[in-house]
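Visitor: okay, predicted coordinates and the sequence, questions at the end:
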Amino acid sequence: MLVAVCLLVYSLPLTAADKQATFPAEEIKPGMKGVMYTIFAGDQIEKVDLVVLGVLHNATGPKQDVILVELLGEKAEHTGVVAGMSGSPVYFDGKLAGALSLKIGIFNKEAIGGVTPIASMLEVERASATPSEKATALGVPSKAAAVRVPVPGNVIRRASTGAGDFLIPIETPLIMTGVYPETLGQFSAELSAWGMTGMAGGTAEPSPDDAKIKPGDMVGMELIRGDLSLSPGCTVTLVEDDRILACGHPLFGFGSVALPLTRGHVITTLASSMASTKLMTSGGTIGTLTQDRLTAVMGKLGAGPAMIPLDVTLTTPVAEKKFHFEVIENPQLTPLLVALAAFNGIVSSPAYSEGFTLQLEGSIELKGHSAVHLENLFAPTDMPVPAGVFVATAVQGDFARIYSNPYELAKVDRIQLHVTALTERRVAQIDNAWIEKSEVRPGETVAVKVLLRPYRGAPFIQEIPVTIPAQAARGTLQLVVSDAETLNRNVQFLANNSQAQLPGLEELINLMNRERQNDRLYATLLQPTPTLLVEDKEMPNAPISQINVLDQRQNPGGSRLLYQSKAGEWSVQLHQVIAGEHAIPITVK
C-alpha cells in the first residue's frame, strides 16, 4: 500500500507550492515513454500515456524545437488531440518537459501532436521583464495559427494523414454564452481569423477554490462578460508561486496584455472526426493574463484587471431592453468586441425585425479627452445584410480610428449605445432640386425646393430656406443639395490622412464629432475660391501666398487643396436616410 501511495503522489502534477524540475529537450529520444495530464470531463485531471516519435529541430523558428509524440490509451484514441488540450503538461521521469500545443491537420483522429519544450515556454517570463510595448494600430493577426510544421514522412504514413502533413496549433475553444446564432453568423469569420473555435458554453458561480489550480486544470481568458460572455480556454502547464504558464502557443500573439484570467471547468469532451473539442464553462476571476507570446501565455494569480463598462439599450415600438457588458481594453480586439455586443443586443428583441430602420445615439467616453458622439440613422437595404450590421460596423470603425491614432494610447472609460428601432424602411433619394429665381443678392433668403423619392412611397417636396451670406463672392456660384456622405468626405480625408499631422488625439476626436448625420438634407453654397485642408482645419478662400508656403513643406499628403470654398451650409432633419446630390447654378449680384 505504501508503494502504491508513493507511485500515485509521484505521478500527479506538482502544485504551486512545489518547485518543478524540468526535463531538457536535448535529452529526449524517440521511443521514450512519458505522461500528459489533462481533463476530459468535470474537474478530474487524468493521466494520458504517450510515446516520443521524434524531435523536430527549429520547427517553429530558430532554436524553437517541437517534440513529436503519440498519445496512448482508449480515451486518446477515441478523441484524438482535442481543442482545449493546448497547454496540457507533459512529463518524463516526473520532470516537466513541455506542453502539448500542436496537432496534425483536421479530419484526423490519430492522437499525434507536438509539444512545446518547457525551456521555450519559460522564455516568456524573461520577455515579460523587458519594457512593455505600447499598443499600436490595428493589424493582421500575429497569432501562430499560421504556423505549419512539416511532419516526417514515416509519421505521415503511420497516421494516414494524406494532404494534412503539417502540425498546426491546437484550436482554442471560445466559450460563448448569451450569443445569438445571428451574431455568430455575422462575426464567426473575424473570430476564426484569431484562431478561435466558437462553441456554446456557460458560466459557473465563483468559488473560493477557483484560484487553487494546478497543472492540467483549465483556465479561461475573458474578453466580454455580463449579459454576454466570450472566454477562450486552454490548459495550465505550470504553476509556481503566483505565476502560471499555459497553452504552449499564443492566444493572439499580442505580447504584453491585461486580460481577466478565470477558472475553467470542462463539462465533457466531444469527439469528432473533424475536430474534437472540450465543452467548457467559465468560473470566477482568479488573476490577470499578462503575456501572450509565441510559445506560451503567462498570468499572475490575484485580482483581475479593470474592464470597460458597455451599456446597450434597444428601444422598439413595444418594449425597451437594457444590457450591460464589460469588455477588455485592447486596441486590436475592443472594436470587434463592442460591435459584436452591440449587434447581439439589437437582434435580442422579439419585436425587432429586418424591416426596421435603426437610430443610433451614444458616446465613447475617454479619459482626459472629449467624448466621441455617435449619432446616425441606418436603414435596411436590398443586400442580404441585416441593418444591425451597419450599426455595429459604424461603432467598430469609430473605435478603430481612436485606437489606431498615432498620438497617444487612448483610455476608454465607458461606452453607451442607445439603438431605437423605427418602423418602416426610412430612406429617400434626392431626385431633383431647384430655386424659383436664378439671380439673388447678398442677404436675400430664397427657398430651395428638393424633390425626394422615399422607398415605396409617394414623392414629396422639401423646402430648405437659404440666406445668401453678405460676404458671398459675386458671380456664378454653385448650390449643392446633398446627403451627409457627400459633405463628410473632406472630414474623413482629414481624419484618415492625419498621421502625425494633427496636434493630438483631441483634434482627431473633434474631427470625428464634426461628421454630419445622414438623416438630414443639406444645402451648401460653394464659391470658386480654393480651400486648404490642413491638420484638422478647413481653410476656405485661401490666398495664393498661403498655398505657396504649404506647397514648399516637405510633407506630402499633409494637406489637400480644393478648388471651391464653402460660403454657407443649411440643413433640415427628415428622420430618414437621405441619399444623392444635385447641383444648382446660382448668380449672386
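Guide: Thanks, I have it. If you're wondering where the values come from, they're calculated on a predicted model, not measured in any experiment. Residues are numbered from 1 along each chain as shown.

Visitor: which ones are touching the closest residue in space to Gly42 that isn't next to it in sequence?
Guide: Taking CB to CB, 6 or more residues apart in numbering as the measure, Gly42 lies nearest to Val266, with 6.5 Å between them; neighbours along the chain are not counted. All C-beta atoms are positioned from the backbone trio N, CA, C, and that covers glycine. Contacts here follow CB atoms under 8 Å, 6 or more residues apart in numbering; on that basis Val266 touches 39-43, 84, 218, 278-280.

Visitor: can you tell me which of the residues you listed end up in helices?
Guide: Cross-referencing the contacts of Val266 with the helices (criterion: DSSP state H) gives no overlap at all.

Visitor: just the buried residues of those.
Guide: Neighbour-count burial (16 or more other CB atoms under 10 Å) applied to the contacts of Val266 gives 39-40, 84, 218, 278-280.

Visitor: need those residues in TSV (columns: distance to Gln478).
Guide: As requested, the buried ones among the contacts of Val266 are exported to TSV (distance: CB to CB, whole Å):
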residue	distance to Gln478
Ile39	71
Phe40	73
Gly84	63
Met218	66
Lys278	65
Leu279	64
Met280	63
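
Visitor: closest to Pro152 out of those?
Guide: For these, the residue nearest Pro152 by CB to CB is Gly84; the value is 26.4 Å.

Visitor: next, count neighbours for Thr22.
Guide: Thr22 has 17 neighbours, counted by other CB atoms under 10 Å.

Visitor: hang on, isn't it packed against Gly94?
Guide: No. Using CB atoms under 8 Å, Thr22 is not in contact with Gly94; the gap is 10.7 Å.

Visitor: now, which of the contacts of Val266 sits nearest Glu171?
Guide: Distance ranking of the contacts of Val266 against Glu171, using CB to CB, places Gly84 first at 8.1 Å.

Visitor: quick one, what contacts the residue nearest to the closest one when sequence neighbours are not counted?
Guide: Sequence neighbours aside, Lys278 is the residue nearest to Gly84 in space, at 3.4 Å (criterion: CB to CB, 6+ apart). Contacts of Lys278 were listed using CB under 8 Å, 6+ apart, and they are 39-40, 82-85, 173, 218, 233, 266, 268-270.

Visitor: closest to Gln576 among these?
Guide: Relative to Gln576, the closest of the contacts of Lys278 is Pro173; by CB to CB it sits at 44.0 Å.

Visitor: wait, what's in contact with the closest one?
Guide: Counting by CB under 8 Å, 6+ apart, the residues that Pro173 touches are 83-84, 197, 199, 201, 232-233, 277-280.

Visitor: residues of stretch 242-260 that come out buried?
Guide: 243-257, 259-260.

Visitor: nope, stretch 288-295 is what I meant
Guide: Per 16+ other CB under 10 Å, stretch 288-295 contains these buried residues: 288-295.

Visitor: least confident of those?
Guide: The lowest pLDDT within the buried residues of stretch 288-295 belongs to Leu294, with 88.

Visitor: any regions of the stretch 151-300 of the chain where pLDDT drops low?
Guide: Within the stretch 151-300 of the chain, the ranges that satisfy pLDDT under 70 run 153-165, 195, 197.

Visitor: now swap in the chain and tell me
Guide: Regions of the chain meeting the criterion pLDDT under 70 cover residues 1-18, 106-109, 127-147, 150, 153-165, 195, 197, 351-354, 490-501, 531-563.

Visitor: ok, longest helix in it?
Guide: Taking DSSP H as the assignment, the helix of the chain that covers the most residues is helix 387-403.

Visitor: what packs against it?
Guide: helix 334-346, strand 357-366, strand 372-378, strand 412-422, helix 505-513 (3 or more CB pairs under 8 Å, 6 or more residues apart in numbering; DSSP states H and E).

Visitor: tell me the most buried of the ones you listed?
Guide: Among the helices and strands packed on helix 387-403, judged by mean count of other CB atoms under 10 Å, the one packed with the most neighbours on average is helix 334-346 (a mean of 26).

Visitor: got the angle between it and strand 357-366?
Guide: Here helix 334-346 points in a direction 140 degrees away from that of strand 357-366 (axes from the mean of the first three to the mean of the last three CA atoms, to 10 degrees).

Visitor: can I get helix 334-346 in PDB, CA atoms only?
Guide: Taking C-alpha atoms only, helix 334-346 is exported to PDB below (Å, rounded to 0.1, in the frame of the first residue of the first chain):
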ATOM      1  CA  THR A 334     -12.100  46.000 -28.400                       C
ATOM      2  CA  PRO A 335     -13.600  47.400 -31.700                       C
ATOM      3  CA  LEU A 336     -14.700  43.900 -32.700                       C
ATOM      4  CA  LEU A 337     -16.000  43.000 -29.300                       C
ATOM      5  CA  VAL A 338     -18.000  46.200 -28.900                       C
ATOM      6  CA  ALA A 339     -19.500  45.700 -32.400                       C
ATOM      7  CA  LEU A 340     -20.400  42.100 -31.600                       C
ATOM      8  CA  ALA A 341     -22.100  43.100 -28.300                       C
ATOM      9  CA  ALA A 342     -24.000  45.900 -30.000                       C
ATOM     10  CA  PHE A 343     -25.300  43.600 -32.700                       C
ATOM     11  CA  ASN A 344     -26.200  40.900 -30.300                       C
ATOM     12  CA  GLY A 345     -28.200  43.400 -28.300                       C
ATOM     13  CA  ILE A 346     -30.000  44.600 -31.400                       C
END
